[in-house]
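> Sequence first, then the predicted structure, then my questions.
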Amino acid sequence: MNVAHAWKSYRQIATQTAPPGQLVLMLYEGGIRCLERALPGFDMDDPAEANMLVHNNLQRAQDIIRELNSSLNMQQGGEFALKMRSLYDYFERRLWESDLKKDRKGVDEVIMHLNKLREAWATMLAGESIPTDAPINNSSAALAAA
């Protein structure tokens with residue numbers, strides 16, 4: 001078994017056996033990873049290669065954000081779920097604009113917000129208290145300002 005196949009098998013088993021909270025964390029990490037993979041494409045000289053690298057990775061990140069959005073429990077999540085839905089919609093729109101215009105500003109912004117959300121989610125899973133100026137609140141405020 002080659003290393004790539006072993007890694008794919010490991011990831012598949014990990015996602016099938018992980019608890020829901022851990023899956024959300026994995027989605028945040030996957031979205032960040034896709035966006036970071038797209039960044040070198042903005043500086044490439046070959047337009048075809050640059051467009052392919054940027055577009056493919058932004059599409060993967062948008063798929064992950066759509067998954068996060070669709071997994072929200074709107075009946076039980078209340079105002080928090082509504083704000084997260086708006087935030088995910090905003091992320092998706094920023095990535096679409098970045099892909100269309102081949103402008104990395106939106107990608108950088110979404111990476112920053114996803115990192116904050118990932119950090120807050122990891123803190124919550126670890127059972128630590130989240131400070132009152134938690135990254136989730138900062139991200140929601142950034143959405144309201146946009």
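Alright, I've got the coordinates.

> Point to the residue nearest the middle of the chain.
Nearest to the centroid of the C-alpha atoms of the chain, with distances taken as CA atoms, centre = their mean, sits residue 31, at 3.5 Å.

> Could you check how far that one is from residue 58?
10 Å (CB to CB, to the nearest Å). Yep, even glycine has a C-beta here, placed from its N, CA and C like the rest.

> same question, residue 74
Taken as CB to CB, the span from residue 74 to residue 58 is 26 Å.

> So these two - more neighbours on which side?
residue 58 (24 against 10; other CB atoms under 10 Å).

> Helix or strand for the more buried one, just tell me which one.
Secondary structure from DSSP states H and E places residue 58 in helix 47-70.

> Next SSE downstream of that helix?
Next along from helix 47-70, by DSSP H and E: helix 74-101.

> Nearest residue to residue 71 in space, ignoring adjacent ones along the chain?
In space, and not counting its chain neighbours, residue 71 is closest to residue 24: 7.4 Å by CB to CB, 6 or more residues apart in numbering.
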